[in-house]
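K.L.:
sharing a model that was predicted from the sequence below.
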Amino acid sequence: MTGESKLLDDSADGFSGAGALHELIEGRDSRRYAISSDPALLQLARVHEFLSGKAYWCLGIPFEKVARAASNSLCFGVYRLRETAQDPAAAQPTSNLVQVGYARVVTDYATFAWICDVYIEESARGEGLSKKLMAFIMKHPSLQNLRRVCLATHDAHTLYEQFGFIRTKTPENWLEIKDDQIYLRR
Ligand SMILES: CC(C)(COP(=O)(O)OP(=O)(O)OC[C@H]1O[C@@H](n2cnc3c(N)ncnc32)[C@H](O)[C@@H]1OP(=O)(O)O)[C@@H](O)C(=O)NCCC(=O)NCCS
């Protein structure tokens, strides 16, 4: 089971993104993870590999779309710290991070946010990381006092319900334009 987690300031443990927030997490079998909102840490090739190959909602999405979406969103990465990262004297701490999870928030920072692209890689599942990630997002200072925060999910309702989300009471009021095949057409 997971252990303690703690909030870090920007300069701790080799993280340096200005204004970014980080949290260290003790996972199963002494594995260590970090959650961060630092865009400089994102490993977009790895994120793209998961989203294009394994995410049911955007299979086939091109790398350029993933990168553009990330650069226009508030993004969160979940990273496994390699063994050598336990050494605080490690010369290049960010090279000791392997991204194993992601979430992206589309927001105007005033009234609305849409949480999407949430995943944890198979190798890191069942350690409570998605719950830590959601808790981290929901307490992010730039995402407070919004009138509406939404997301869509096929089957992870009980994950999000733990953070106050409810199934909309007014589905008849919602409209959308959605092209499920957009990334699969060649
Ligand atoms: C869903 C996912 C993010 C969960 O990640 P995880 O780190 O293994 O999950 P956690 O260990 O934090 O536990 C998740 C919690 O949500 C619950 N849950 C609800 N729906 C779930 C689902 N579809 N898959 C996994 N857990 C789910 C679990 O029961 C657990 O709650 P509990 O500990 O109170 O019993 C991960 O399985 C994943 O990336 N799946 C593929 C992508 C996906 O479906 N993303 C969500 C899109 S909306």
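P.N.:
In hand now; what should we look at? Just so it is clear, the model here is predicted, and its values are computed rather than measured.
K.L.:
please make it C-alpha for all contacts and neighbour counts, starting now.
P.N.:
Fine.
K.L.:
near the ligand, which residues of this protein?
P.N.:
Within the chain, the positions lying close to the ligand (C-alpha under 6 Å from any ligand atom) are 55, 118-121, 125-131, 152-153, 155-159.
K.L.:
geometric centre of the chain: which residue is closest?
P.N.:
For the chain, residue 103 is the residue whose C-alpha lies nearest the centre (C-alpha atoms, centre = their mean; 2.4 Å).
K.L.:
that one falls within a strand, correct?
P.N.:
Yes. Assessed with DSSP: H, G, I helix; E, B strand; the rest coil, residue 103 lies in a strand.
K.L.:
right, and it touches residue 114 too?
P.N.:
No. Contact between residue 103 and residue 114 fails when scored by C-alpha atoms under 8 Å: they sit 10.5 Å apart.
K.L.:
if residue 74 is in a bridge, with which residues?
P.N.:
Assessed by DSSP bridges, residue 74 has beta-bridge partners residue 105.
K.L.:
that one: what's it in contact with?
P.N.:
Applying C-alpha atoms under 8 Å, 6 or more residues apart in numbering to residue 74 gives the contacts 37, 104, 105, 106, 107.
K.L.:
show me the contacts for the last one.
P.N.:
For residue 107, the residues meeting the contact criterion (C-alpha under 8 Å, 6+ apart) are 73, 74, 113, 114.
K.L.:
give me the neighbour count for the last one.
P.N.:
So the one you mean is residue 114. Per other C-alpha atoms under 10 Å, the neighbour tally for residue 114 reads 15.
K.L.:
ok, the strand or helix carrying it: who's next to it in the sheet?
P.N.:
Take DSSP states H and E as the rule and residue 114 turns out to sit in strand 112-120. Here strand 112-120 is paired, per DSSP bridges, with strand 97-107 (antiparallel), strand 148-150 (parallel).
K.L.:
give me the contact list for it.
P.N.:
Contacts for strand 112-120 (C-alpha under 8 Å, 6+ apart): 51, 55, 78, 100-107, 129-130, 143, 146-152.
K.L.:
what ranges does the chain have for its strands?
P.N.:
Assigned by DSSP state E, the strands in the chain fall at 5-8, 22-26, 32-36, 74-81, 97-107, 112-120, 148-150.
K.L.:
among these, which comes closest to residue 60?
P.N.:
strand 112-120 (13.7 Å; C-alpha to C-alpha).
K.L.:
does residue 43 touch residue 99 like I think?
P.N.:
Yes. Residue 43 lies in contact with residue 99 (C-alpha under 8 Å); the separation is 6.3 Å.
K.L.:
many thanks, have a good one.
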